[in-house]
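> Pasting the sequence and the predicted coordinates here, then a few questions.
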Amino acid sequence: MSEQKNTTELKIFGINFHVKTGDNIEEVLAIAEYVDKELNEVKEKNPYTNNMHIAILGAMNISERLEQAQEKVDIVKAAEEEAKSKISELEGIIVGKNREIQNLQDQKRAVINEKEELNQQLNDKEELLNQYRDHLKQSKSESENDRKTILDLQNQLFECQIELVKAKKGDEETAVSEDISE
């Protein structure tokens with residue numbers, strides 16, 4: 001697409017110019033106004049200098065400002081490059097830290113899973129221990145019952161022995177009385 005040329009009339013330092021511009025008429029007018037202002041400031045500071053010298057001094061002042069602006073741009077670009085470098089470095093650090101976080105999260109999940117397994121094993125062991133305790137209580141109860149039964153049997157045996165002794169004594173007395181009676 002071809003750029004359409006417009007003709008604009010400018011007045012710089014009292015001289016009229018016809019300039020062909022594209023669509024940036026406002027920009028050309030702003031530049032012309034800046035140059036006119038600069039030349040008039042040079043004229044005010046050097047009222048007896050001819051127009052050629054004023055134009056050269058004005059061009060030098062504008063060039064100096066351009067050079068200073070370019071230096072600032074260069075400083076800003078260098079700072080921008082340094083910032084980009086630091087950003088890249090920080091992005092690398094962030095990626096590394098994200099990996100570390102992911103590893104720690106994986107380790108955390110593994111520890112949680114291990115904890116759950118250990119808790120399950122603990123619950124199983126506690127259940128088994130409770131079963132052993134119940135069995136022990138039952139065995140203790142049975143043992144106590146068996147001990148009581150043994151004691152009862154011992155008492156019965158003792159009573160039977162007493163009765164046997166009495167019966168033997170009674171038989172001996174009967175035998176002695178029979179011997180005496182004979």
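Arrived safely, thanks for sending.
> ok, which stretches of the protein are strands?
6-12, 15-21 (DSSP state E).
> surely Lys43 meets Thr49?
Yes: between Lys43 and Thr49 a contact is recorded at 7.5 Å, counting by CB atoms under 8 Å. Any C-beta I mention is one placed from the backbone N, CA and C, and that applies to glycine too.
> Name the residue in the two with the higher neighbour count.
Legend: neighbour count by other CB atoms under 10 Å for Lys43 and Thr49, higher for Lys43 (18 against 14).
> Check the closest residue to the more buried one other than its chain neighbours and give its pLDDT.
Closest residue to Lys43 apart from its sequence neighbours, by CB to CB, 6 or more residues apart in numbering: Ile54 at 5.3 Å. Here the pLDDT value assigned to Ile54 is 93.
> Next: the one 10 residues further on.
At Glu64, the pLDDT value in this model is 96.
> Asn40 versus that one, what's the distance?
17 Å (CB to CB, to the nearest Å).
> Likewise for Ile94?
For Ile94 relative to Asn40 (CB to CB), the value is 55 Å.
> higher neighbour count, the two?
Taking neighbours as other CB under 10 Å, Ile94 and Asn40 compare with Asn40 leading, 15 against 11.
> quick one, phi psi at the closest residue to that one other than its chain neighbours?
Distance criterion CB to CB, 6+ apart; nearest residue to Asn40, sequence neighbours excluded, is Phe13 at 7.0 Å. Dihedral angles of Phe13 (phi, psi; degrees, to the nearest 10) stand at phi 50, psi 40.
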